[in-house]
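Novice: just a sequence and a predicted model for now, questions to come.
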Amino acid sequence: MKSKQRRAETTAVRGGTDLHKKNGPLATPIYQTSTFEVTDNEEQLRVTPTDHHYTRYGNPTNTVAEKAIAELEGTDRALVFASGMNAITTSVLALLKGGDHIVAQRDIYGGAAKFFGQWLPKLGIETTFVDTTDYAQHERAVRPNTRLLYLESPTNPMLRIVDLRRAVAIAKQHNLITIIDSTFATPINCRPAEYGIDLVMHSGTKYFGGHSDLICGAMAGRSELIEKIHSTRTTLGGCLDPHAAWLLLRGIKTVAVRVQRQNENAMQVAHFLAQHPKVRHVYYPFLEGHPQRALAMEQMRGAGGIVSFEVEGSGEDARTLSEALHLFTLAPSLGGVDSLVCIPALTSHSMVPAEHREKMGITEQLIRLSVGIEHADDLVADLEQALAVVRSTGERVHVG
Ligand SMILES: Cc1ncc(COP(=O)(O)O)c(C=O)c1O
């Protein structure tokens, strides 16, 4: 069976590997080496960007992970990086030059927003931030020197959904490169390249790794773009260590089953929260009442493992609730097998001025859950007991 015909569940387990090899190890070996022996000085002089030359250029363990990600996203090629941020910064620096302009959604990952808003201007690259779901605003922001449309879907932490067809249509009309941060979606739930997105980015730290034990990034897309990014990665030096690439590969083997379980658990958690009197609002793309539910259901196979909600009461109530949880660990990441909780206004968006935060919908009462693969009933029971500890007046209810 051709690899393109395989389903995502199969590609996740077998992707990137040569299924016809005989007597090889089933698990990809870790090529824990910085360099590779050359046959003669002539070969050394040629300095080819192969994965058998020098690990900053490439490494056989990393190459298998890159092939697996490209197969999952349905793209020509993919590259892995030392972090998700490194995938973003390297790619943008590879594709843009001084004098270019970017149109980016307002509610993208904070690190990316900081890079665009505070760092790129030093190189003469400006960014206009636009409302994620206002495509007329996207159009108006495009200038003659705009080169890049930067997207994220679903967004963090409000779980807004980008209409991929509309975004791609704008990009095509103005000849823009599109990059989407698809970390929250994963290729199990959505494959943006199928809609014509040029480059699909992941913080592999999250669902690909899946166990909260490594930091890595990935960028998947068309060969000619990936070639430029590869050359820039080699220059800037953000290569992934082969041991981390091996952990990434091991994570990828189970990404389909983990994400399917997380989709189900998150849906159950969202339904529970939606009917709770101490919960003011629940944000989950497949939940009845989500303003983009129809779009989400059309573009995505599942809505993912992140659920955000506003607790009835004050910021203090949100803190109390987040600290009263036992199974949801208070920690600022997501996508792993363990359920986590955080308050975006105090963590990922603490550097965003309060009025901007409010405009984005990120109130002090907003709590973000990264739902793991524990039993959904246990997760709901944990939320139930933590909500019982909170009084919407801000006082703790004394229990026990
Ligand atoms: C949506 C999203 N994109 C990018 C990043 C950055 O990835 P990394 O922490 O791997 O550099 C994160 C990290 O939290 C994220 O949540």
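Specialist: In hand now; what should we look at? None of these values were measured; they are calculated from a predicted model. Numbers count the residues shown, from 1 in each chain.
Novice: please count neighbours and contacts with C-alpha atoms only from this point.
Specialist: Fine.
Novice: does residue 208 touch residue 252 like I think?
Specialist: Yes. Between residue 208 and residue 252 there is a contact at 5.2 Å, judged by Cα atoms under 8 Å.
Novice: looking at these two, which is more packed in?
Specialist: When residue 208 and residue 252 are compared for neighbours, residue 208 comes out ahead with 33 against 25, by other Cα atoms under 10 Å.
Novice: OK, contacts around the most centrally placed residue in the chain?
Specialist: Centroid-nearest residue in the chain: residue 183, 1.5 Å away (criterion: Cα atoms, centre = their mean). By Cα atoms under 8 Å, 6 or more residues apart in numbering, residue 183 lies in contact with 153, 201-204, 206-207.
Novice: let's see stretch 161-168 as CSV, backbone CA atoms only.
Specialist: What follows is stretch 161-168, C-alpha atoms only, in CSV (Å, rounded to 0.1, in the frame of the first residue of the first chain):
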residue,chain,number,x,y,z
ILE,A,161,-10.9,28.5,14.5
VAL,A,162,-9.4,29.8,11.3
ASP,A,163,-11.4,29.4,8.1
LEU,A,164,-8.6,27.8,6.2
ARG,A,165,-10.3,28.2,2.8
ARG,A,166,-10.8,31.9,3.3
ALA,A,167,-7.3,32.5,4.6
VAL,A,168,-5.7,30.6,1.7
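Novice: can you list the residues of the stretch 51-200 of the chain near the ligand?
Specialist: Selection of the stretch 51-200 of the chain residues close to the ligand by Cα under 6 Å from any ligand atom yields 83-85, 109, 183.
Novice: show me which pair in these is furthest apart.
Specialist: When Cα to Cα is used, the two most widely separated members of these are 83 and 109, lying 13.4 Å apart.
Novice: these two: which is more packed in?
Specialist: The neighbour comparison of residue 83 against residue 109 (other Cα under 10 Å) goes to residue 83, with 21 against 18.
Novice: top helix in the chain by residue count?
Specialist: As assigned by DSSP state H, the longest helix anywhere in the chain is helix 255-274.
Novice: residues contacting that helix, please?
Specialist: By Cα under 8 Å, 6+ apart, helix 255-274 touches 8-9, 12, 188, 207-208, 210, 279, 281-284, 286-287, 302-307, 309, 337, 371-373, 375-376, 379-380.
Novice: ok, so of the residues of the stretch 51-200 of the chain next to the ligand, who is nearest residue 244?
Specialist: residue 83 (10.5 Å).
Novice: among the contacts of helix 255-274, which lie within strands?
Specialist: If you go by DSSP state E, the contacts of helix 255-274 have 279, 281-283, 306-307, 309 in strands.
Novice: neighbour count added to these, as TSV?
Specialist: Output for those, formatted as TSV (neighbours: other Cα atoms under 10 Å):
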residue	neighbour count
279	18
281	17
282	25
283	23
306	32
307	24
309	22
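Novice: can you lay out those residues as JSON lines showing pLDDT and distance to the ligand?
Specialist: Converted to JSON lines, the ones in strands among the contacts of helix 255-274 look like this (pLDDT from 0 to 100; distance: Cα to the nearest ligand atom, whole Å):
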{"residue": "279", "pLDDT": "97", "distance to the ligand": "24"}
{"residue": "281", "pLDDT": "96", "distance to the ligand": "22"}
{"residue": "282", "pLDDT": "98", "distance to the ligand": "19"}
{"residue": "283", "pLDDT": "97", "distance to the ligand": "16"}
{"residue": "306", "pLDDT": "98", "distance to the ligand": "11"}
{"residue": "307", "pLDDT": "98", "distance to the ligand": "14"}
{"residue": "309", "pLDDT": "98", "distance to the ligand": "17"}
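Novice: mind picking the two most distant members of these?
Specialist: Of all pairs drawn from the ones in strands among the contacts of helix 255-274, the greatest distance, 16.3 Å, lies between 279 and 306 (Cα to Cα).
Novice: residue 139 contacts residue 169, correct?
Specialist: No. Counting by Cα under 8 Å, residue 139 does not reach residue 169; the two are 10.4 Å apart.
Novice: helix or strand: which one has residue 38?
Specialist: Using DSSP states H and E, residue 38 sits within no helix or strand.
Novice: surely it is in contact with residue 44?
Specialist: Yes. Residue 38 is in contact with residue 44 according to Cα under 8 Å; the separation is 6.3 Å.
Novice: what sits in contact with each of the two?
Specialist: The overlap between the contact sets of residue 38 and residue 44 (Cα under 8 Å, 6+ apart) is empty.
Novice: just the helices in the stretch 301-400 of the chain please.
Specialist: With helices called from DSSP state H, counting those that start in this stretch, the stretch 301-400 of the chain shows them at 315-324, 354-360, 376-389.
Novice: so which of those is nearest the ligand?
Specialist: helix 354-360 (15.5 Å; Cα to the nearest ligand atom).
Novice: hmm, who's touching that closest one?
Specialist: By Cα under 8 Å, 6+ apart, helix 354-360 touches 107, 158, 345, 349, 363.
Novice: kindly provide the distance from the second one to residue 274.
Specialist: This points to residue 158. Counting by Cα to Cα, to the nearest Å, the gap from residue 158 to residue 274 is 15 Å.
Novice: cool, the last one as well?
Specialist: Using Cα to Cα, one obtains 18 Å as the distance from residue 363 to residue 274.
Novice: then the fourth one?
Specialist: According to Cα to Cα, residue 349 and residue 274 sit 24 Å apart.
Novice: hmm, back to that, so among the residues of the stretch 51-200 of the chain next to the ligand, where is pLDDT lowest?
Specialist: Least confident entry in these, by pLDDT: residue 109, with 91.
Novice: that one against residue 159, yeah?
Specialist: No. Assessed by Cα under 8 Å, residue 109 is found out of contact with residue 159, at 11.9 Å.
Novice: what residues are up against the residue of the stretch 151-300 of the chain found nearest the ligand?
Specialist: Nearest residue of the stretch 151-300 of the chain to the ligand (Cα to the nearest ligand atom) works out as residue 203 at 4.2 Å. Contacts were defined as Cα under 8 Å, 6+ apart; by that measure residue 203 touches 83-85, 183, 215-218.
Novice: for it, phi and psi?
Specialist: Dihedral pair for residue 203: phi -80, psi 100, per degrees, to the nearest 10.
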